[in-house]
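Trainee: Need the 3D shape of this:
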Amino acid sequence: MNSKLNFAMTPLIAVLAAGVLLLGSWGAIARAQGETASIRPGSHEQVLYSFSNAPGADYHSVAGLISDAAGNLYGTTDFGGSRGGGAVFELSPQSGGGWTQTVLHNFHSDSQDGSHSWDGLIFDASGNLYGTTPDGGVNGKGAVFELSPQSGGGWSEQILYSFGYGPDGSQPFGGLVSDTAGNLYGTTEYGGADSDGTVFELSP
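Mentor: Model prediction:
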């Protein structure tokens, strides 16, 4: 990475795709909304999208990004959105240059929906997105969610599991991985037999 690069923000996670370093970042105090940037080897930073903490906007993109075959980028934000609980977003490259952001789902901050997603997403073979939230869910201790693209446009959310504060664990701050059978695996920070977290499996 170019040692002269100065983000004025805190890069938290990165993924490498097609020779481009894609960064999801949580801004420093001066730029608390954060940015998504790309760095090509030997080049300087290029900001793809700057988040805003204006009312109703999603912001604090803590996790990294994933991409689809068309080059669209997908990620989550911890705060903001139209319902205050953060959001799942898509960034799409435009033919004339630049990127367009689309919010796929706004999390509720005061309902049985998940809220405040801290980690990234994964795809399955059908194009569904999966992720975790450390807050929300039926018991308020976090959830695993699925977003499915709809034939008429838009995305539909389903809560696959709501954590309690017991043997199943609570508050999954990390992301998910999957196997070929469609099982999902992740971790929780709290709960379990000794109240110090768990490793869990969700099976379809």
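
Trainee: how many neighbours does residue 55 have?
Mentor: Counted with other CB atoms under 10 Å, the neighbours of residue 55 add up to 8. Every C-beta, even on glycine, is put in place using the N, C-alpha and C of the backbone.

Trainee: and what of residue 186?
Mentor: 23.

Trainee: do the same with residue 190
Mentor: Residue 190: 18 neighbours (other CB under 10 Å).

Trainee: Bridged to it, which residues?
Mentor: Taking DSSP bridges as the rule, residue 190 bridges to residue 170.

Trainee: Give the residue spans of the protein that score low on pLDDT.
Mentor: 1-45, 57, 59 (pLDDT under 70).

Trainee: For the residue minimising distance to the centre of it, which non-adjacent residue is spatially closest?
Mentor: Nearest to the mean C-alpha position of the chain, counting by CA atoms, centre = their mean, stands residue 76 at 2.7 Å. Nearest residue to residue 76, sequence neighbours excluded (CB to CB, 6 or more residues apart in numbering): residue 117, at 3.9 Å.

Trainee: so the one you found sits in a helix?
Mentor: No. Residue 117 is assigned coil when assessed by DSSP: H, G, I helix; E, B strand; the rest coil, not a helix.

Trainee: who's in contact with it?
Mentor: Residues counted as contacts of residue 117 (CB atoms under 8 Å, 6 or more residues apart in numbering) are 63, 76, 77, 78, 86, 88, 107, 131, 132, 133, 134.

Trainee: What is the nearest of those residues to residue 203?
Mentor: Among the contacts of residue 117, residue 132 lies closest to residue 203 (CB to CB), at 16.1 Å.

Trainee: Count residues in the vicinity of that closest one, would you?
Mentor: Count around residue 132 with other CB under 10 Å applied: 29.

Trainee: Surely it is in contact with residue 145?
Mentor: Yes. Counting by CB atoms under 8 Å, residue 145 is a contact partner of residue 132 at 7.4 Å.

Trainee: Mutual contacts of the two, please.
Mentor: Residues touching both residue 132 and residue 145 by CB under 8 Å, 6+ apart: residue 114.

Trainee: hang on, the earlier thing: which residues does the residue nearest to the centre of the chain contact?
Mentor: 61-63, 86-89, 117-121, 131.

Trainee: Wait, a strand at it?
Mentor: Yes. Assessed with three-state DSSP, residue 76 lies in a strand.

Trainee: List the buried residues for stretch 94-108?
Mentor: By neighbour count with 16 or more other CB atoms under 10 Å, stretch 94-108 contains the buried residues 99, 101, 103, 104, 105, 106, 107, 108.

Trainee: Residue 201 bridge partners, please.
Mentor: residue 185.

Trainee: Next, count neighbours for it.
Mentor: Residue 201 is flanked by 9 other residues according to other CB under 10 Å.

Trainee: Can you verify my assumption that it contacts residue 182?
Mentor: No. In this structure residue 201 lies outside contact range of residue 182 using CB under 8 Å: 11.1 Å.

Trainee: Check the spacing between the residue lying closest to residue 196 once chain neighbours are set aside and residue 93 real quick.
Mentor: Leaving out its chain neighbours, the residue that sits closest to residue 196 by CB to CB, 6+ apart is residue 190, at 7.3 Å. Separation of residue 190 from residue 93 (CB to CB, to the nearest Å) stands at 39 Å.
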